[in-house]
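In: whatever this is, show me its structure:
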Amino acid sequence: MVKYVSILGSTGSIGRQTLDIIEHMDVKVVALTAGTSVELMAQQCRQFLPEIAVMSTKEAADALASQIADLPVEVAWGEEGLIRAASIESAECVITAVVGMVGLKPTLAAIRAGKRIGLANKETLVCAGELVMAEADRYGTEIIPVDSEHSAIYQCLMGVRDPKEVKRLILTCSGGPFFGMTKDQLSQVTKADALKHPNWKMGAKITIDCATLMNKGLEVIEAMRLYRLPVEQVDVVIHRQSIVHSMVELVDGAVMAQMGAPDMRLPIQLALTYPQRIECPVDGLDLCKCGALTFCEPDMENFPCLALARHCAKLGGTACAVMNGANEEAVALFLADKIGFYDIYELVRGAVENVPNAMDPTLEDILAADRMAREFVRVKVSS
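Out: Numbering: from 1, shown residues only. Purely as a prediction, here's the structure:
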């Protein structure tokens, strides 16, 4: 169990739940980072007294510094500050809960500093998975997933003697708020509709990704990288109840599943305590009250983002980085009411088809692909 932790993205959904868990543990928070939520960051600094607090902009950092001038907390800002928080000497574990490509460089910095990674930033592995896993191997770094699905796979694999015994990974998917809808119905949905996830309380970007099923596509790619399997061995099933968090099928036909209440604090705590388990302030799962558990195939015709993600996984190179960058940009435009729901897919598909795909990419290639994908989306929408 770790004793000193840095939290990247402490004011977001995963960050706040991580701090909630830490309140019940003997763990010291040594670094916090956020975007521009100055008031909440000030509250967190007063409660947890980190060594350093980092904001995304200088303006937000200056505002924070004035609010906590009486505290022995250093205030920094920008990418440089984020990397410092990720590699701070006193941290044993870094929870990477920032959203999007902004998490890539800090995650690499934490890996190279020998920190345990509690990975909640899936874009890091989607865009640069081979590079990140190679660095983790090089530095002997533990990467423990915080996503409920990948934590479930991680837990199931604890009981597998030999990786060759794994036939496939089965990621479960709630289906989001629009399960069962037709294309005509989906063309009329609004931002408010898309933000009503049936089971989970999450940030806006990931909630929209769940509505398009892009989130599950990102998780398929993440699973490939994390567990070093081809995309053909990573499947998705719709499981509306979000009780079975994911499964592992073995070569003899046995299927191992991890079940639990739909509460992110469970996988967050495991990332901090592994290989130990301790009591968690979450209501346990009552099988007699959770109702019937159902499973069905995903609808990739009406929700084509999942199929697009699998296609990019097969393409390799920078295709996944292009897809991710375009999706981040398109989702931001949707949240700003500038495009429709189906425009997200069309813009991402267009970027994948038009932005050059560099094979065997370096970090610079990946970052360039991300920039080009975002620019493609911006130009398309503005033209």
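
In: how about stretch 305-319 as CSV, C-alpha atoms only?
Out: Extracted in CSV, the C-alpha atoms of stretch 305-319 (Å, rounded to 0.1, in the frame of the first residue of the first chain):
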residue,chain,number,x,y,z
CYS,A,305,-17.6,5.3,-33.1
LEU,A,306,-16.9,1.9,-31.6
ALA,A,307,-16.3,0.3,-35.0
LEU,A,308,-14.1,3.3,-36.0
ALA,A,309,-12.0,2.8,-32.9
ARG,A,310,-11.5,-0.9,-33.7
HIS,A,311,-10.5,0.1,-37.3
CYS,A,312,-7.9,2.6,-36.0
ALA,A,313,-6.5,-0.1,-33.7
LYS,A,314,-5.9,-2.3,-36.7
LEU,A,315,-4.3,0.5,-38.7
GLY,A,316,-1.8,1.2,-36.0
GLY,A,317,0.8,4.0,-36.3
THR,A,318,-0.7,7.4,-35.3
ALA,A,319,-4.2,6.5,-36.4
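
In: in it, which residues are buried?
Out: Judged by neighbour count (16 or more other C-beta atoms under 10 Å), stretch 305-319 contains these buried residues: C305, L306, L308, A309, R310, H311, C312, A313, G317, T318, A319. For the C-beta atoms, the positions are set from N, CA and C on the backbone; glycine is no exception.

In: one more: stretch 133-146?
Out: M133, E135, A136, T141, I143, I144, P145, V146.

In: okay, and the beta partners of the fifth one?
Out: Going by DSSP bridges, I143 is paired in beta bridges with I117.

In: wait, it touches A120, no?
Out: No - the pair I143 / A120 is not scored as a contact, 11.3 Å apart, by C-beta atoms under 8 Å.

In: farthest-separated two in the buried residues of stretch 133-146?
Out: E135 and V146 (18.8 Å; C-beta to C-beta).

In: what ranges in the chain fall below the confidence cut-off?
Out: Scanning the chain for pLDDT under 70 picks out nothing.

In: ranges for the strands of it?
Out: Listed in chain order, the strands of the chain (DSSP state E) span residues 4-8, 28-33, 52-55, 74-77, 93-96, 116-119, 143-145, 166-173, 234-238, 244-250, 255-259.

In: wait, which of the ones you listed is closest to A368?
Out: strand 93-96 (22.3 Å).

In: partners of the closest one in the sheet?
Out: strand 4-8 (parallel), strand 116-119 (parallel).

In: how about TSV for those, with mean neighbour count and distance to M158 added?
Out: Shown next, in TSV, are the strands paired with strand 93-96 (neighbours: other C-beta atoms under 10 Å; distance: least, C-beta to C-beta, whole Å):
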stretch	mean neighbour count	distance to M158
strand 4-8	27	22
strand 116-119	26	16
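
In: by contact count, what packs against the longest helix along the chain?
Out: For the chain, the helix that runs over the most residues, judged by DSSP state H, is helix 363-382. Contact here means 3 or more C-beta pairs under 8 Å, 6 or more residues apart in numbering; DSSP states H and E; on that basis helix 363-382 packs against helix 104-112, helix 123-139, helix 319-335, helix 341-354.

In: so for C210, which of these sits nearest?
Out: Of all these, helix 319-335 sits nearest to C210, with 11.0 Å by C-beta to C-beta.

In: that closest one packs against which elements?
Out: helix 123-139, helix 191-194, helix 204-212, helix 214-227, helix 305-315, helix 341-354, helix 363-382.

In: dump the residue contacts of the residue lying farthest from the centre of the chain.
Out: The C-alpha centroid of the chain is most remote from D70, which lies 34.5 Å away (C-alpha atoms, centre = their mean). D70 makes contact with no residue under the criterion C-beta atoms under 8 Å, 6 or more residues apart in numbering.
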